[in-house]
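Participant: got a predicted model here, sequence first, then my questions.
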Amino acid sequence: MNTKTKTKQQITFMQYVFLIHGMQVGIGFLTLPRELSLIAGTDGWISIIIGWLSAVIASIFIIQIMKKHPDATLPDLFKIYFGTWIGKLGTMFVVLYFMSVSFLILFSALTIIKVWLLPKTPLVILTVLILIPTYQLIRYGIRSLGRYAEIIFYISIWMIVVLTIPLNDSHWHYLRPVLKEGWYPVLLGVRTTIFSYLGFEIAFWMYPYLKSKQLATRGIILANTLTMTINLIVTIVCFVFFSQQEIVKYNWPTLSLLKVIEPNFLNRWDVIFLSSYVLIISVTWIISIFIVIQNTSNLIGNPKLEPYLLIIFIVLLITAAAFIVWTQSRLTRLTDMLTSCGLILSYAFPVVLWMYTTLFDRIFPRRTSS
Amino acid sequence: MRKLMCKIIMVMVLLSMLPGCYDHMYLEDATLILMVGLDVNKDNHLVVYSSSPVFNKDAKKKSDEFEDVSPYSLRRNRNNFDALSSGIPTGGKVQTILIGKRLLEYPGWFATLDYLFRTAEPTVTARICAAEVPLSDIFYFYPENEPLVALYVSKLIRTSNRRNITVDTTMQRLHRQFNEEGITPYISLINKDKDIEIRGTALLDKEGRFVTQLGLQETILFRFLLEENKDIATLTFPAQELHSGEQIPFINQKLSIDVVKSKTKIKTSANNGKFTFHIDLNIDASVTERTFPFQMKNQQPKVQRFINEQIKQQIEEILKKTQTHHLDPVGFGMHVRADHYRAWKKIKDRWPEAISDAEFHVTVHTKILGSGVLQ
C-alpha cells in the first residue's frame, strides 16, 4: 500500500467506530431473538452480555497485533510474518470469506425485502438497483464509506425508539425466573450471540486508516458496546412481547414485532422500518465488497486495477442474482458455514496470531521496525 | 462534460428501472376487505365471508359481500374472491375477523387463520370476535342509519373496548394466547338481535372451542384482573343492603361507580403442587349514580365496605366459573411459572386442568374519591 493514498484517505475516530458497528449490525439482528430463545429460552439476554465480553477480548487482541505495524493491513502482516507465498494463500482465504459474506448479506437482505415488501419484483432488478449506489460509494474509497456509515447510524437512531413501542403490551414476568434452567443453556446461547458480534474483524483493515491510533482500543470497545445495546434492547423487547413458545415460530421476530404498531394514520410500520433497515444492512455488504476489492488488488499487487475489479465483482453478483435461486434453506446453509469460518477468523485467529507475532518478534527483533 | 453525461445516463437508467416495482396496484382496482368471517353452515361446510366497500358514486349498495361455501382454505379462498369481485382483493386492511359460534365448536379452527400470519401483507391488529348468530345475519345486514356493517362492527368493538365491556383481542394477541402455555384464549363476543350488540367475552379452551362467556360487568372485572382496563369502567350494584326501604318499581336501589384507577397484585404460593393465589385489588372510584336516599358523608366507610364485598363476590364468581370449566384466561399459569418454576414444570402439561385445585383469596380495597356534583 503506498503512503500517498494513505494520507489522503484517513478516517476519524467516530467513522472508525461506526464502520465497525455498521459491519456488526446486519441481518443477524432480525433473527437473533428467535435463535436465542430456541437455545437459551428467556435467559438468552444474559448470553448477549457474555458474548459481548468475548467479542471485546478478541477485539483487543486484534488491536494489539495491529499496533506493531500501524500502517499495515492484514495481507501486509501475512507477508511480514509468513513470507510471500503463505501470505498470499492466507489473503486468498480472506478474500473468499468476505466474498461469501457479501453474497450472503446481499441476498439475505434482498430475500427479506422480497418477502415483506416486493414479492413480485425479480431479484435481478433489485440487485442492480442496489449495486449502482454501492459501486459509487466504494469507488471513492474508505473515507466515503466512513461518512456513509456515520450518517446511516445517525439517521437510523429513531428505529430503536420505534422498536420499544410494543412494550405497551409487554409481559415482564416472562423473563422471570432468571436462570430458569441454570447456566448451561445460557452458555450454549453464547455461541449464537458471538455470531451477532462478527464484524469487528474488519479492524484488521480499518486500523491503518484511523487518524488517531491511540484511540483504537477505545473505539472498538465502543463499537462492540453499541452493538450489544441494540441487540439487548431488541431481544428483551421481543422476549417480553412474544411468549417463548410463540417467538420460535417467527422467521424474523423483530419484523413481526413491528406489525403490531399501528397508529391511526399508518397501516404497516414494518414497510417503513424495513425500507430504512435496508440502509443499515447496506453498510455491511458495502464494507465486505470493499475489503474483497482491497485484498484482491493487494494480492495482484496493483492498486490501479481496483475500479475494474469492483466492476467485475459487481457483475458477478448480478449474474448470481440472475441465475441462482436464493432459497431460504440455501441461505441458512451458507450462514451456518460462514458462522464457523467467522468464528475462526474473528475469535480464534487473533489470539493465535498475537501469540505467534509476539513470539516471532522476540526471536527476530530487528524485523519489527520494517 | 463526459462525467456529467455519465451521471445523467446513470440517473436515467435508475429512473427507468423504478417502475420495476412489479406489484403496484391502483386503488380503483383494489377491493379492500374490511371484515372477514369464518363459519360452518348447515351441511357442515366451512363458509368464508368477506365485506368490502365499493368506491363508486353510481353503486346503490355501498359494500360488496361475498360468501364462499366451498373454500379449500383461506388462501385459496382469495382466488375464489378474485372470480367474484371486480377488483383484486387485499387483506392489508382487515379490521375485524368474525368467527361463527358453530365453527367454535370445532377444535383447532385457529389453524385456518394461518394464511393471515404467514404472509407479511395482512395486518395482525385486526380484532377477533365470536358471533352468536350465523354470520350471514351480520354480513347481509344493511343498517339504515349506520355506516357499512364492516365499519360498524369494528367501531363497536373499539368503543366497547374503551368502555371495558369487551376484551381487546387482536390477531397478534390471540396468537400469543394460543401459543402461551400459561393462559387460555378469550375473544370478544357479539350478537345480532335487532341490532348488532356486544355481549362481553367468549372464553375458549386451549384448542379454541367455545366454553363459556362473561357478561358485560363480568368483563370489566375480568379486565381488572388482566390489568388492562382503559378509560372508563362503570360498575353498577344492587344496593338493597344500604337502604332497606321499600322498593320503587323500575328504579330499584342501585349504586353505580366509575373506576378511575385500579391496581391488581397477584401473589402465588405453591404447596405440594397445590397453588394458592392472593389477589389484591385496589380501586379508586367515584360515585356516579345513587337511586335511593342515603347519607354519603357520614357513612363512607360503610359504602366502601359494601362495594368491596360486592366486587369480591363477583370476582370470586368469575374465578369459580373459569375453574369449573378448567380455564385460565387471566394467565395465572404465567404467574406460577414466574414465581414457582419447579412446581410449574411438574404441572405444566396438565395446566388448564390443574387450576381446578387452586385456591383464590380475593381482597378488594375501594377508595371513594367523591360523589359527583351532588352530596
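Facilitator: Received it, and whenever you're ready, just let me know what you need. Numbering: from 1, shown residues only, chains lettered A, B, ... in the order given.
Participant: starting at the chain centroid, how far to the helix or strand B:Ala130 falls within?
Facilitator: When elements are assigned from DSSP states H and E, B:Ala130 belongs to strand B:127-131. Relative to its parent chain, strand B:127-131 has a centroid offset of 7 Å by CA atoms, centre = their mean, to the nearest Å.
Participant: what's in contact with that strand?
Facilitator: B:37, B:39, B:95-101, B:104, B:138, B:153-154, B:157-158, B:168-171, B:174, B:187-192, B:202, B:210 (CB atoms under 8 Å, 6 or more residues apart in numbering or on different chains). In short, each C-beta sits where N, CA and C put it, glycine included.
Participant: I'd like the next helix or strand past it.
Facilitator: helix B:135-139.
Participant: what comes up buried for that next one?
Facilitator: Using 16 or more other CB atoms under 10 Å in any protein chain shown as the test for burial, helix B:135-139 gives B:Leu135, B:Ser136, B:Ile138, B:Phe139.
Participant: before we move on, the earlier item: put the buried members of the contacts of strand B:127-131 into a ChimeraX selection.
Facilitator: Selection of buried members from the contacts of strand B:127-131 for ChimeraX, criterion 16+ other CB under 10 Å:
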select /B:37,39,95,96,97,98,99,100,101,104,138,153,154,157,168,169,170,171,174,187,188,189,190,191,192,202,210
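Participant: show me which of the contacts of strand B:127-131 neighbour chain A.
Facilitator: B:Thr170 (CB under 8 Å from any CB of the partner chain).
Participant: among the contacts of strand B:127-131, which are located in helices?
Facilitator: B:Ile138, B:Val153, B:Ser154, B:Ile157, B:Arg158, B:Met171, B:Leu174 (DSSP state H).
Participant: quick one: find the helix or strand in chain B with the lowest mean pLDDT.
Facilitator: Counting by mean pLDDT, DSSP states H and E, the weakest-scoring helix or strand in chain B turns out to be helix B:74-84, with a mean of 55.
Participant: just the CA coordinates of the strand holding B:Ala130, formatted as PDB?
Facilitator: Extracted in PDB, the C-alpha atoms of strand B:127-131 (Å, rounded to 0.1, in the frame of the first residue of the first chain):
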ATOM      1  CA  ARG B 127     -59.900  -7.700  16.200                       C
ATOM      2  CA  ILE B 128     -61.100 -11.200  16.500                       C
ATOM      3  CA  CYS B 129     -64.700 -11.600  17.600                       C
ATOM      4  CA  ALA B 130     -67.100 -14.500  18.100                       C
ATOM      5  CA  ALA B 131     -70.600 -14.200  16.900                       C
END
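Participant: same question for it, mean pLDDT?
Facilitator: Average pLDDT, strand B:127-131: 90.
Participant: quick check: pLDDT value at residue 213.
Facilitator: Since you didn't name a chain, this refers to chain A. 85.
Participant: not quite, I wanted chain B
Facilitator: Turning to B:Gln213, the model gives it a pLDDT of 90.
Participant: residues near it, how many?
Facilitator: B:Gln213 has 17 neighbours, counted by other CB atoms under 10 Å in any protein chain shown.
Participant: farthest pair in the buried residues of helix B:135-139?
Facilitator: Spanning the widest gap among the buried residues of helix B:135-139 are B:Ser136 and B:Ile138, at 7.5 Å by CB to CB.
Participant: thinking again about what came up before, I'd like to know which of the ones in helices among the contacts of strand B:127-131 is nearest to chain A.
Facilitator: B:Met171 (9.3 Å; CB to the nearest CB).
Participant: three-state assignment of the closest residue to that closest one other than its chain neighbours?
Facilitator: Nearest residue to B:Met171, sequence neighbours excluded (CB to CB, 6 or more residues apart in numbering or on different chains): B:Val124, at 4.4 Å. Of the three states, B:Val124 takes coil under DSSP: H, G, I helix; E, B strand; the rest coil.
Participant: now for B:Val124: which residues touch it?
Facilitator: Counting by CB under 8 Å, 6+ apart, B:Val124 touches A:Ser256, A:Lys259, A:Val260, B:Leu116, B:Phe117, B:Thr170, B:Met171, B:Gln172, B:His175.
Participant: look up which helix or strand A:Asp336 falls in, please.
Facilitator: In this assignment (DSSP H and E), A:Asp336 forms part of helix A:328-343.
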